[in-house]
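Engineer: What follows is a protein structure lacking sequence information:
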Ligand SMILES: Cc1cc2nc3c(=O)[nH]c(=O)nc-3n(C[C@H](O)[C@H](O)[C@H](O)COP(=O)(O)O)c2cc1C
């Protein structure tokens, strides 16, 4: 495809105008920036609906960028990501009920299966609720294994911008009761994240606990009106 087909004439001249004002270093930097944006594009766009490069970002000054960032920062404060790791569906069901409670309280919620969640997005999150069961003899369910391993290794994760809570599902007849939930809490803390409350360790009667527990857990996140 030629550049005539890719860009409208006014877009081409706008690009040429911007590029012609740049020196060699700026052009080299821009080349790297654009190839990183291309590599990153499919995963990021699956995660966030915003385009990689804001329309006009190349042509606007810093005043424009600041104006663009303010609403994003404001809305992020009311965002919650719920990550569930489940084998037989109990943690997923709990995660969906937590989602309903959080949305009822005005939070904007994303629910993600750990199995499909890319660990590198964690550093972009500000508030995370982990809902995870324990299987085997104190092992994570298969769906949570990869994330568990990555966080246990811990390399390259700075989670100091993250606040979190954990709901751990298990069975107290097992020796390692709710171990995976405690593991996640320990990994997050070690990587600099802020724990909002003690791990909520739920036994086989977990469904009886949820009506009281979920409002309390959701109230611990910013953006949820306490007691609302
Ligand atoms: C084979 C098997 C092993 C389990 N091992 C543990 C364990 O080590 N510790 C624990 O607290 N619960 C254990 N459990 C209980 C589960 O964590 C519990 O049933 C939980 O509600 C399952 O949630 P899920 O459907 O989201 O996976 C085990 C359950 C099964 C079936």
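Structural biologist: Looks like it came in fine. Quantities reported herein were computed from a predicted structural model and do not represent experimental measurements.
Engineer: Mind jotting down where the helices sit in this protein?
Structural biologist: 3-6, 9-20, 24-47, 62-76, 90-104, 142-153, 179-190, 206-219 (DSSP state H).
Engineer: in the sheet, who's paired with the closest residue to residue 181 other than its chain neighbours?
Structural biologist: Counting by CB to CB, 6 or more residues apart in numbering, the nearest residue to residue 181 once its immediate chain neighbours are dropped is residue 168, at 2.1 Å. Every residue, glycine included, has its C-beta placed from N, CA and C. Residue 168 has the following beta-bridge partners by DSSP bridges: residue 132, residue 201.
Engineer: Domain map for the protein?
Structural biologist: Following automatic domain parsing, one finds the domains of the chain at 3-69, 77-219.
Engineer: Below-threshold pLDDT in this structure: ranges please.
Structural biologist: Low-confidence segments of the chain, defined by pLDDT under 70: 1-4, 25, 28-29, 31-77, 224-228.
Engineer: what about 50?
Structural biologist: Within the chain, the ranges that satisfy pLDDT under 50 run 35-74.
Engineer: The residue nearest to residue 181 touches residue 200, doesn't it?
Structural biologist: Yes - assessed by CB atoms under 8 Å, residue 168 is found in contact with residue 200 at 6.7 Å.
Engineer: which of the two has more neighbours?
Structural biologist: Set residue 168 next to residue 200 and count neighbours by other CB atoms under 10 Å: residue 168 wins out with 24 against 21.
Engineer: The more buried one: what's it in contact with?
Structural biologist: For residue 168, the contact set (CB atoms under 8 Å, 6 or more residues apart in numbering) comprises 132, 133, 134, 178, 180, 181, 182, 199, 200, 201, 202.
Engineer: Cool, thanks, talk later.
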